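1. Provide a 3D model corresponding to the input given below.
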Amino acid sequence: MPESAIAHPLREADAIVDVRSPLEFERGAIPDAVNRPLFSNGERAEIGTLYKQLGREPAIQRGLEQVGGRLADFAAGFEPYRAGRLLVYCARGGMRSQAVVSLLASLGYRARQLPGGYKAYRAYLLAELARRVPPHPIVIHGRTGVGKTLLLQRLPNALDLEAIARHRSSLFGAVNLRPRTQQQFEAHLLQRLEALDAARPAWVEGESRKVGAVILPEALRAAMQAAPCVLLTASLETRVSRIIAEYAGAGAAPEPDTLAQLEAALRSLARFFGRPRVDALAQRLRAGDLRPVVRALLEEYYDPRYDHAMRNYRYAQVIPGDDLDAAVDALLALDAAWPALPAPPPQAPSQGAAEAATG
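-> Just a heads-up that it's a prediction; the model follows:
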């Protein structure tokens, strides 16, 4: 299917409507789409079973029976979108989206069906990710807690992979977050790549093959490995304070649910620290004595692994990060100099460098 068959309808739509079941939508969807399921998860499963066992007609008949009694309420759910151009899709551009488009057209809506449905969108998405990379990337490296994410939030034209993945790329990375699935991540990654200014450098944090459970596209990884790099540094105590602020906020200690998640992640390090040491650190954690816990994790676990993984890397510039305002100014000064920044050496960091550094 031509790229334009997917890209043009997406650009022209004022609202994108996904009529698949909630479970299908949860696994992956077009960014900014709203879910108006024609069938519930159970109803879709029942219709699918009928289709496989008895064929198309019995499945259609059962679908009509299921949706018939609530058709008016279903149609009323589209009222907020009456003034716009609607793009409707289902799994493969089949009966569900076709039926909904026909219904909406009969009620005066401007609605069209996405050709090929979500399956066609996924093919388009993967093809785009195989070729699309950040424009002129500059990669920010640094030990855990130096403030790379804080800087990305303040830099123009930034690609924050951890924010897109909803994972901090560490053993503690999913605490108080709901990580995206691979399909969700890829869709939102493409959306962000399309929004970057191609005329300026794009700032991106150094990551390895994975951010949490999601895998980066090969084209993106290759572009990052070939890009100029800067190293952000900060004192140990600054890093400890920033990590505590990330998980505990302004409070003296994390909330109970956060505390439980942190302790579960900490106990996964028993093979590294030994159970007695983990028990002692967990006791301090529960008591709200966070600084020695974070300091031990940094000095004994994260920093040695990061330094070993990045030992052969060279950087265009080393940026002190204890003062974030000064760090932002220093990085912005590189913006105009990016064509002359040196690329990393031929030997890229070892596989899993970021995972070794943070996870």
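2. how about the residue most central in space within the chain, what does it touch?
-> Among the residues of the chain, the one closest to the centroid is residue 165, at 2.0 Å (CA atoms, centre = their mean). Residue 165 is in contact with 179, 180, 185, 211, 212, 214, counting by CB atoms under 8 Å, 6 or more residues apart in numbering. In short, each C-beta sits where N, CA and C put it, glycine included.
3. got these as JSON lines, with secondary structure columns?
-> Listed next are the contacts of residue 165 as JSON lines, based on DSSP: H, G, I helix; E, B strand; the rest coil:
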{"residue": "179", "secondary structure": "coil"}
{"residue": "180", "secondary structure": "coil"}
{"residue": "185", "secondary structure": "helix"}
{"residue": "211", "secondary structure": "strand"}
{"residue": "212", "secondary structure": "coil"}
{"residue": "214", "secondary structure": "strand"}
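4. ranking those residues by neighbours, who comes first?
-> residue 211 (29 neighbours; other CB atoms under 10 Å).
5. quick check, that one in contact with residue 167.
-> Yes: here residue 211 reaches residue 167: they are 5.7 Å apart, a contact under CB atoms under 8 Å.
6. tell me the contacts of residue 98?
-> Applying CB under 8 Å, 6+ apart to residue 98 gives the contacts residue 113.
7. in a strand, it, correct?
-> No: read with three-state DSSP, residue 98 is helix and lies in no strand.
8. hang on, the earlier thing: need the contacts of residue 165 in JSON lines with distance to residue 271 and pLDDT, can you?
-> Listed next are these as JSON lines, based on distance: CB to CB, whole Å; pLDDT from 0 to 100:
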{"residue": "179", "distance to residue 271": "23", "pLDDT": "96"}
{"residue": "180", "distance to residue 271": "28", "pLDDT": "97"}
{"residue": "185", "distance to residue 271": "29", "pLDDT": "98"}
{"residue": "211", "distance to residue 271": "23", "pLDDT": "96"}
{"residue": "212", "distance to residue 271": "20", "pLDDT": "94"}
{"residue": "214", "distance to residue 271": "25", "pLDDT": "97"}
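9. going by distance to residue 202, which of these wins?
-> Minimum distance to residue 202 across those is 16.4 Å, recorded for residue 211 (CB to CB).
10. what's the spacing between the residue lying closest to that closest one once chain neighbours are set aside and residue 180?
-> Computed as CB to CB, 6 or more residues apart in numbering, the closest residue to residue 211 that is not its neighbour in sequence is residue 165, at 4.2 Å. Relative to residue 180, residue 165 is positioned 6 Å away (CB to CB, to the nearest Å).
11. residue 235 now?
-> Taken as CB to CB, the span from residue 235 to residue 180 is 33 Å.
12. can you check residue 273 too?
-> 30 Å.
13. where do the strands of the stretch 151-300 of the chain begin and end?
-> 158-159, 202-205, 210-211, 214-215, 229-233 (DSSP state E, counting those that start in this stretch).
14. which of these has the highest mean neighbour count?
-> Comparing the strands of the stretch 151-300 of the chain by mean neighbour count (mean count of other CB atoms under 10 Å), strand 202-205 comes out on top with a mean of 24.
15. CSV please, covering the strands of the stretch 151-300 of the chain and showing distance to residue 334.
-> Shown next, in CSV, are the strands of the stretch 151-300 of the chain (distance: least, CB to CB, whole Å):
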stretch, distance to residue 334
strand 158-159, 13
strand 202-205, 9
strand 210-211, 24
strand 214-215, 29
strand 229-233, 7
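16. these: which one's closest to residue 36?
-> Among the strands of the stretch 151-300 of the chain, strand 214-215 sits nearest to residue 36 (CB to CB), with 26.9 Å.
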